[in-house]
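J.: Below: sequence and its predicted model.
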Amino acid sequence: MEKSNEQNKEMTAQESLDLISEMLNNNRRCILQNSAKHFILWGALLLVFSIVIYELLHVTRDLRWNLLWFAMPVLGFPLARLLGKKGTVVPQNVISSQLHYIWLAYCAFAVVISIVAMFEMPSCITLLLVALLGFAECSSGLLLKNWPIIIGGFILGVGGAVVAMLVRSEVQLLVFAAGGLVLAATGLIVKRQYQ
Amino acid sequence: MTMFPKLDPILHSELRLAVMSILIGVDEADFTYLKKQTGATSGNLSVQIDKLMAAGYITVEKGFKGKMPHTTCKITTTGQEAFNKYVESLKEYLSASK
């Protein structure tokens, strides 16, 4: 839309439809680009945390380092809030709200399952969390109608679960590192698609 | 002779239509976002927002975010209906002119 004093002028039917379509597209692009920043942030955090915890477990052999996982949401949520406040406040639309709820649900599942695992220590926790991560990723792809994200989520969920079944527990952390990479890549794909 | 419905004069203005087109796709939007997306001046945007509000097409909530004034706009059901009717009328005009 042109920045001019002519903004209150009357338009032809075609000009009106073109304007509506331009505004809707700009809006959608802006909102989804904003969602992309959050994919990149959480992907990067997951990647860093899984590598750091893997290294600490590898060097010290002390399982208590797993408690460091709980620092991820503690660090991630304020950072995500800060990211949302930076620059113009971008509104939510139906798709961005649904994406938000999918990932909030994943976060709730991951935190509660991890707390339960602290007491019960089930060997299948990585399998469960990575399958859920892939499912959330795949659902995001379906919402965004983006095939690379759908396929990435499927490979991450199913592939990650199979790898988690085959490798010993310490190495399983690297499955999460791969998950972080896929998540950050999702953000980059969305950002590029709606630039 | 085909009779065409009269286009809604509130919506048939570039800036007001731009604002409504943004608000139709979101839960709500603040003044800064609308200003950025439309490229309008603050004064002009304020005047057009007031006209949309007077028509009952949007609601405006004024408050503060920290120490800064913060204005949020949201489309109403009346606004959604008017917008849909306006788009239908535009389509009728265009299909008749082909």
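T.: In hand now; what should we look at?
J.: remind me, longest helix of chain A?
T.: When chain A is parsed with DSSP state H, its longest helix is helix A:13-60.
J.: any idea how far that helix is from the chain center?
T.: 7 Å (C-alpha atoms, centre = their mean, to the nearest Å).
J.: so B:Lys6 is in which element?
T.: For B:Lys6, there is no enclosing helix or strand under DSSP states H and E.
J.: Get me the contact residues on chain B for chain A.
T.: Within chain B, the positions near chain A by C-beta under 8 Å from any C-beta of the partner chain are B:7, B:12-18, B:21-22, B:24-30, B:32-33, B:36-40, B:44, B:48, B:86-87, B:90-91, B:93-94, B:97. Every C-beta, even on glycine, is put in place using the N, C-alpha and C of the backbone.
J.: Return the members of the residues you listed classed as buried.
T.: Neighbour-count burial (16 or more other C-beta atoms under 10 Å in any protein chain shown) applied to the residues of chain B next to chain A gives B:7, B:12-18, B:21-22, B:24-26, B:29-30, B:33, B:36-38, B:40, B:48, B:86-87, B:90, B:93.
J.: With adjacent residues omitted, what lies nearest to the residue nearest the centre of chain A?
T.: The C-alpha lying nearest the average C-alpha coordinate of chain A belongs to A:Phe39 (C-alpha atoms, centre = their mean; 3.5 Å). Distance criterion C-beta to C-beta, 6 or more residues apart in numbering or on different chains; nearest residue to A:Phe39, sequence neighbours excluded, is A:Gly187 at 3.1 Å.
J.: I'd like to know how many residues surround the nearest residue to B:Leu94 once chain neighbours are set aside.
T.: Once flanking residues are discounted, B:Leu94 sits nearest to A:Ala13: 5.2 Å by C-beta to C-beta, 6+ apart. Here the number of neighbours of A:Ala13 (other C-beta atoms under 10 Å in any protein chain shown) works out to 19.
J.: again with B:Ser42
T.: Applying other C-beta under 10 Å, I find that B:Ser42 has 10 neighbouring residues.
J.: on that earlier part again, out of the residues of chain B next to chain A, name the ones that lie in strands.
T.: If you go by DSSP state E, the residues of chain B next to chain A have B:Ala29, B:Asp30 in strands.
J.: can you give me the helices for chain A?
T.: Using DSSP H, helices in chain A cover A:13-60, A:71-85, A:94-120, A:125-144, A:147-154, A:160-166, A:173-193.
J.: same deal with chain B?
T.: B:14-23, B:31-38, B:42-54, B:77-97.
J.: So what's the gap between the second one and the chain middle?
T.: Mean-position distance between helix B:31-38 and its chain equals 12 Å (C-alpha atoms, centre = their mean).
J.: next one: stretch A:163-174
T.: Distance of stretch A:163-174 from its chain centroid, counting by C-alpha atoms, centre = their mean, is 22 Å.
J.: Check stretch B:10-26 too.
T.: The answer for stretch B:10-26 is 3 Å, by C-alpha atoms, centre = their mean.
J.: what about A:Phe49, neighbour count?
T.: A:Phe49 has 20 neighbours, counted by other C-beta under 10 Å.
J.: Just confirm it contacts A:Trp69, I think it does.
T.: Yes. At 6.6 Å, A:Phe49 counts as touching A:Trp69 under the criterion of C-beta atoms under 8 Å.
J.: for A:Gly159, what are its contacts?
T.: By C-beta atoms under 8 Å, 6 or more residues apart in numbering or on different chains, A:Gly159 lies in contact with A:Gly134.
J.: And it, what's its pLDDT?
T.: At A:Gly159, the model reports a pLDDT of 90.
J.: rewinding a little: which among the helices of chain B is found nearest to B:Thr71?
T.: Closest to B:Thr71 of the helices of chain B is helix B:31-38 (C-beta to C-beta; 4.1 Å).
J.: could you say what helices and strands that closest one packs with?
T.: helix A:13-60, helix B:14-23, helix B:42-54, strand B:68-75 (3 or more C-beta pairs under 8 Å, 6 or more residues apart in numbering or on different chains; DSSP states H and E).
J.: winner for burial among these?
T.: Scoring the helices and strands packed on helix B:31-38 by mean neighbour count under mean count of other C-beta atoms under 10 Å in any protein chain shown gives helix B:14-23 as the most buried, with a mean of 25.
J.: got the CA coordinates for it in CSV?
T.: C-alpha atoms of helix B:14-23 as CSV (Å, rounded to 0.1, in the frame of the first residue of the first chain):
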residue,chain,number,x,y,z
GLU,B,14,-8.4,2.7,0.9
LEU,B,15,-7.1,3.0,4.5
ARG,B,16,-10.3,1.9,6.2
LEU,B,17,-10.4,-1.2,3.9
ALA,B,18,-6.8,-1.9,4.6
VAL,B,19,-7.4,-1.8,8.4
MET,B,20,-10.4,-4.1,8.1
SER,B,21,-8.5,-6.5,5.9
ILE,B,22,-5.8,-6.8,8.5
LEU,B,23,-8.2,-7.2,11.4
